[in-house]
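**Q** show me how the following folds:
(2 chains)
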Number of protein chains: 2
Amino acid sequence: MRQVTLYTQHDWVDPAAVTGQWAVVIDTFRATTTITAALQNGCLKVLPVMHTPDGLALKQQLLTKDPGTPVLLGGERHTQIIPGYDCGNSPLEYTPAVVGGKVLVLSTTNGTKAALKAVRAGRVFLACLNNCTAVAQKLLGGSADISFICAGTRGKFSLEDVITAGGVLHALSRMGGRFHPDDAAYMAQKMFVAYSADIDALLCQTAHYNTMRSHGLTGDLAYCQQIDSTAAVPVYSGGAIQLAADT
Amino acid sequence: MRQVTLYTQHDWVDPAAVTGQWAVVIDTFRATTTITAALQNGCLKVLPVMHTPDGLALKQQLLTKDPGTPVLLGGERHTQIIPGYDCGNSPLEYTPAVVGGKVLVLSTTNGTKAALKAVRAGRVFLACLNNCTAVAQKLLGGSADISFICAGTRGKFSLEDVITAGGVLHALSRMGGRFHPDDAAYMAQKMFVAYSADIDALLCQTAHYNTMRSHGLTGDLAYCQQIDSTAAVPVYSGGAIQLAADT
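**A** Residues are numbered from 1 along each chain as shown, chains lettered A, B, ... in the order given. Prediction:
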């Protein structure tokens, strides 16, 4: 039976343990939601970087190589736009008009760290509440063990990430996928089953939600909490994130 | 507001972070359940040790100091009684006839490791499903921040420990206790609210439950899953565990 492991935060992932597995990286508020939105809206690929200077350097490098490269630089620090950057971290910014046909260099410390933990995985998908069922459909196409790598927030457990993993597992289960979850993955699925009917009522008591609300990001929260609003599934491979085939 | 932190497994606890807090140590299958049962049934105190030779050495040391000390040596490895030991790890063994008026030296690797993470805490309580509300009543008597330290099982998240923490928090909340939980503690409480009406139906899918069932320990499982069956609250202090006053 296919084993499913859930890491509630990326800090605790040993990349060696994920070798050959299929990995699902989750940073629902907001990196994986924003990347999914950008790709869904026509972005060619997303190049994630860890630090803001890396973003500026990579954009310069791409333009030096080919001055015609349509590069967009996105990211923020403490909800403020970064000097020299084109966009912030909100999924709402990445409309087809803004991101269509472009390469997005995205600075996201936590999301990038989480994705880097999966470098030895056979395939790496990015999940958010928006694409739970679509990610489950991709997982259905394989037989490797699965690891969910939740980003968490500043080294802490983040419920929005865990319940997203639960949503993917619940969809996988509904589609007939058979798997053996560890206790954390099983709990994530049980939380989704019990509370997904009103996800805002659940998450409005959590830490990251309240940080975002205090910064006025209520539009982002509403967007990030839409379950199964898209069929777009980002795949991370060789440092770049692109849309999975057939979505 | 009183902050509540939940560590889903003891491996991730920095003892310095718990300094001055009140700690609740949980190893529901079976260390904290067994210790609660022993103290409820008249055991004078429990001395936890990490390794089986430590147990034999401590028993010898106590008898050398005072040959009349009524010492009982408990513990097991791989569900087998240890040579030279008097009892195993089942709460069902520690009846008043067996443990009344005695000092129990208990070998429990994981539970002891979890308790040692709380050495810098102001007070340390031991919780299991049997004493959720009783532990909450003790917590109501203080104002320090609270850390729940779940033992987990071989370095993995164990749902029975997490939902026990949720049971304590739910009871604290029902009694009017006000606190600010981190996401993990909040989730634990939400899991308890959703699934405690049939705790066996929830836990029968989990890892440690199934290991115990495969060893024929169904009586232990039934015992460990009784919610609020006792008012006994073990307190850990100076290397010994005794009943809290007024229980």
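**Q** ok, the most centrally placed residue in chain A - contacts?
**A** By Cα atoms, centre = their mean, chain A has its centre lying nearest to A:Thr32, at 2.2 Å. Residues near A:Thr32 by Cβ atoms under 8 Å, 6 or more residues apart in numbering or on different chains: A:25-26, A:111, A:126-128, A:151, A:234. Every residue, glycine included, has its C-beta placed from N, CA and C.
**Q** save the residues you listed as TSV, and put in distance to A:Met187 too.
**A** Formatted as TSV, these follow (distance: Cβ to Cβ, whole Å):
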residue	distance to A:Met187
A:Val25	19
A:Ile26	15
A:Gly111	23
A:Leu126	22
A:Ala127	17
A:Cys128	19
A:Ala151	18
A:Pro234	25
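**Q** just flag the most distant two among the residues you listed.
**A** A:Ala151 and A:Pro234 (14.1 Å; Cβ to Cβ).
**Q** next secondary structure element downstream of the lengthiest helix in chain A?
**A** Criterion DSSP state H: the longest helix present in chain A is helix A:159-174. Once the chain leaves helix A:159-174, the next helix or strand it forms, by DSSP states H and E, is strand A:180-181.
**Q** for chain A, which residues are neighbours of chain B?
**A** Selection of chain A residues close to chain B by Cβ under 8 Å from any Cβ of the partner chain yields A:6, A:8, A:12, A:156-159, A:162, A:182-184, A:186-187, A:190-191, A:194-195, A:202, A:205-208.
**Q** which among these end up buried?
**A** Buried members of those, scored by 16 or more other Cβ atoms under 10 Å in any protein chain shown, are A:6, A:8, A:12, A:157-159, A:162, A:182-184, A:186-187, A:190-191, A:194-195, A:202, A:206-208.
**Q** tell me which entries of those lie within helices.
**A** A:159, A:162, A:183-184, A:186-187, A:190-191, A:194-195, A:202, A:207-208.
**Q** now do the helices in chain A.
**A** Using DSSP H, helices in chain A cover A:31-40, A:52-65, A:96-99, A:109-116, A:132-140, A:159-174, A:183-195, A:199-203, A:207-214, A:218-224.
**Q** which parts of the longest strand seen in chain A are buried?
**A** In chain A, with assignment by DSSP state E, the single longest strand is strand A:71-77. For strand A:71-77, burial by neighbour count (16+ other Cβ under 10 Å) applies to A:71-76.
**Q** stretch A:140-151 now?
**A** A:145-151.
**Q** could you do stretch A:193-203 as well?
**A** Under 16+ other Cβ under 10 Å, the buried positions of stretch A:193-203 are A:193-196, A:199, A:202-203.
**Q** for those, work out which two are farthest apart.
**A** The span of the buried residues of stretch A:193-203, defined through Cβ to Cβ, is set by A:Val193 and A:Leu203 at 15.6 Å.
**Q** what's around A:Leu230, how many residues?
**A** Careful, residue A:230 is Thr and not Leu. 18 (other Cβ atoms under 10 Å in any protein chain shown).
**Q** also A:Ser237?
**A** Count around A:Ser237 with other Cβ under 10 Å applied: 11.
**Q** that one - nearest residue in space that isn't next to it in sequence?
**A** Residue nearest to A:Ser237 in three dimensions, not counting chain neighbours: A:Val124, with 6.8 Å by Cβ to Cβ, 6 or more residues apart in numbering or on different chains.
**Q** next up, the contacts around A:Arg154.
**A** Per Cβ under 8 Å, 6+ apart, neighbours of A:Arg154: A:Asn110.
**Q** give me that answer again for 10 Å
**A** A:9, A:11, A:109-110, A:207-208, A:211 (Cβ atoms under 10 Å, 6 or more residues apart in numbering or on different chains).
**Q** same deal with A:Ala144?
**A** A:2-3, A:20-23, A:121-123.
**Q** so what's the residue lying closest to it once chain neighbours are set aside up against?
**A** Residue nearest to A:Ala144 in three dimensions, not counting chain neighbours: A:Trp22, with 4.7 Å by Cβ to Cβ, 6+ apart. A:Trp22 makes contacts with A:2, A:4, A:118, A:121-125, A:138-139, A:141-147, as judged by Cβ under 10 Å, 6+ apart.
**Q** which member of the buried residues of stretch A:140-151 is positioned nearest A:Gly55?
**A** A:Ala151 (18.1 Å).
**Q** so A:Ala171 makes contact with A:Leu129?
**A** No - if you go by Cβ atoms under 10 Å, A:Ala171 and A:Leu129 don't touch, sitting 11.3 Å apart.
**Q** report the set of residues contacting both of these two.
**A** A:192, A:227-228.
**Q** and A:Ser147, how close does it get to A:Leu129?
**A** Relative to A:Leu129, A:Ser147 is positioned 19 Å away (Cβ to Cβ, to the nearest Å).
**Q** typo on my end, it should be A:Gly142
**A** Counting by Cβ to Cβ, the gap from A:Gly142 to A:Leu129 is 22 Å.
**Q** give me the sheet partners of the worst-scoring helix or strand of chain A on mean pLDDT and which way each runs.
**A** For chain A, the helix or strand with the lowest mean confidence is strand A:80-81, at a mean of 80 (criterion: mean pLDDT, DSSP states H and E). Each strand paired with strand A:80-81, and its direction, by DSSP bridges: strand A:71-77 (antiparallel).
**Q** the strand it pairs with: how far from the chain's middle?
**A** 16 Å (Cα atoms, centre = their mean, to the nearest Å).
**Q** how big is the angle separating it from helix A:109-116?
**A** 120 degrees (axes from the mean of the first three to the mean of the last three Cα atoms, to 10 degrees).
**Q** got the angle for strand A:71-77 vs helix A:31-40?
**A** 160 degrees.
**Q** check contacts around A:Ala97.
**A** Applying Cβ under 10 Å, 6+ apart, the residues near A:Ala97 are A:41-42.
**Q** quick one: low-confidence ranges for chain A?
**A** A:246-247 (pLDDT under 70).
**Q** again, 80 this time
**A** Scanning chain A for pLDDT under 80 picks out A:78-80, A:246-247.
**Q** the nearest residue in space to A:Ala171 that is not next to it in sequence - how many residues pack around it?
**A** Residue nearest to A:Ala171 in three dimensions, not counting chain neighbours: A:Ala136, with 3.6 Å by Cβ to Cβ, 6+ apart. Here the number of neighbours of A:Ala136 (other Cβ under 10 Å) works out to 24.
**Q** same thing with A:Pro70?
**A** Here the number of neighbours of A:Pro70 (other Cβ under 10 Å) works out to 14.
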